[in-house]
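*Asks:* I'll drop the sequence and a predicted model, then ask my questions.
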Amino acid sequence: MLVTAAACTQAAFPPVVLEGTQVRTLSSADGDAYRILVAVPAGQAPAQGWPVIYALDGATTFATFRDSLRVQAGRPEATGARPAVVVAIAYPDPGGVNPARRQRDLTPPVPGQPVAASGGADRFLDFLEKVVKPAVERDLPIDRRRQTLFGHSLGGLFALHVLFTRPDAFQTYVAASPSIWWNDRAILAEMKAAAWPAVPPAVMVTVGEREQFTPDADVASVAKLASRRQVDNAAEMAAGLSAMGIDAAFVRFPGENHGSVLPAAISRAVRFASR
């Protein structure tokens, strides 16, 4: 009798469980359910509470954040990283992914257009602020003075939108490979209109050097990458923030493309959030 690998795994071996993690389901005011993944550091929380990192695209970022923190925070004298709670937002769908809802949740509103397939960023931010944060803070000691928001791609665009429209929602922002190209770079108008709090947040913008051009792509992909200007847009965004007096860092990762850069961006974000 032939036994497949899948059948063998399901029948004979239990699933892997990440120690120190939790999962819960929370719903927005509109009734949309989300899967919330939480990783809690071992040991006693600091007197002021744990720093916290809120990570978008939780299905693809949570485990990497958890492990990166566990490894780096174990040697803070060498890495500069400190223990923190990770709260990652995913969807209650197979694999934790829902592309249509993601497109809606992470894109800024377009004036004169209703929230439909896109433009729901403000509504999603309300969910983070009014539902997710209070739920986490009821169960864990959190230092609200040390909150980081991490987003990649459209999530990076969302992070910039929050930075420019409600900058005091978080104290640190990491916009990894942000989709600045979206809606004819409308995010730049938000940047110009931003009003900063007395103590502006710290910002890091990252990108992979092959996000704008890669020699092994086909002609259509090369044209698409060139038109989106991922590397140039990211560098210009960081420079523009610095010119406005914001503590802004820019990191370009050699040899990485839009997908492969994510673990490197998370590793750097862990250290940046610990400053």
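*Replies:* On my side now, so go ahead.

*Asks:* mind listing the helices for the stretch 51-200 of the chain?
*Replies:* For the stretch 51-200 of the chain, the helices defined by DSSP state H, counting those that start in this stretch cover 58-72, 76-79, 99-106, 121-127, 133-139, 154-165, 182-185, 187-193.

*Asks:* tell me which of those helices is the most buried.
*Replies:* helix 154-165 (a mean of 25; mean count of other CB atoms under 10 Å). Where C-beta positions appear, they are placed from N, C-alpha and C, glycine not excepted.

*Asks:* and that helix, what does it pack against?
*Replies:* Under the contact criterion of 3 or more CB pairs under 8 Å, 6 or more residues apart in numbering; DSSP states H and E, helix 154-165 touches helix 99-106, helix 121-127, strand 142-152, strand 172-176, helix 187-193.

*Asks:* could you dump the ones you listed to CSV with mean pLDDT and distance to residue 34?
*Replies:* Formatted as CSV, the helices and strands packed on helix 154-165 follow (pLDDT from 0 to 100; distance: least, CB to CB, whole Å):
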stretch, mean pLDDT, distance to residue 34
helix 99-106, 98, 9
helix 121-127, 98, 7
strand 142-152, 98, 15
strand 172-176, 98, 20
helix 187-193, 98, 24
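
*Asks:* pull the contacting residues for residue 174.
*Replies:* 148-151, 159, 203-204, 206, 265, 269, 272-273 (CB atoms under 8 Å, 6 or more residues apart in numbering).

*Asks:* just give me the closest of those residues to residue 61.
*Replies:* Checking these against residue 61 by CB to CB gives residue 150 as the nearest, at 7.1 Å.

*Asks:* report pLDDT for residue 15.
*Replies:* Residue 15 carries a pLDDT value of 86.

*Asks:* list the buried ones in stretch 248-266?
*Replies:* Buried residues in stretch 248-266, counted by 16 or more other CB atoms under 10 Å: 248-253, 256-258, 261-266.

*Asks:* stretch 36-55 too?
*Replies:* 36-41, 45, 49-55.

*Asks:* then stretch 29-38?
*Replies:* For stretch 29-38, the buried set under the neighbour-count rule, 16+ other CB under 10 Å, comprises 32, 34-38.

*Asks:* same check on stretch 163-172?
*Replies:* Using 16+ other CB under 10 Å as the test for burial, stretch 163-172 gives 163-165, 167, 169-172.

*Asks:* rebuild the buried residues of stretch 29-38 as TSV, extending it with distance to residue 233 and pLDDT.
*Replies:* As requested, the buried residues of stretch 29-38 are exported to TSV (distance: CB to CB, whole Å; pLDDT from 0 to 100):
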residue	distance to residue 233	pLDDT
32	30	97
34	29	98
35	31	98
36	31	98
37	30	98
38	33	98
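
*Asks:* just these: which are in helices?
*Replies:* Within these, no residue falls in helices by DSSP state H.

*Asks:* and of those, the nearest to residue 184?
*Replies:* So of the buried residues of stretch 29-38, ranked by how close each gets to residue 184 (CB to CB), first place is residue 32, at 27.8 Å.

*Asks:* and for stretch 190-201, what are the contacting residues?
*Replies:* With CB under 8 Å, 6+ apart, stretch 190-201 has contacts from 108, 160-161, 163-165, 167-168, 170-173, 237, 240-241, 244-247.

*Asks:* for the closest residue to residue 130 other than its chain neighbours, phi and psi?
*Replies:* Among residues not flanking residue 130 along the chain, residue 29 sits closest, at 7.4 Å (CB to CB, 6 or more residues apart in numbering). Residue 29 adopts backbone torsions of phi -60, psi -20, taken as degrees, to the nearest 10.
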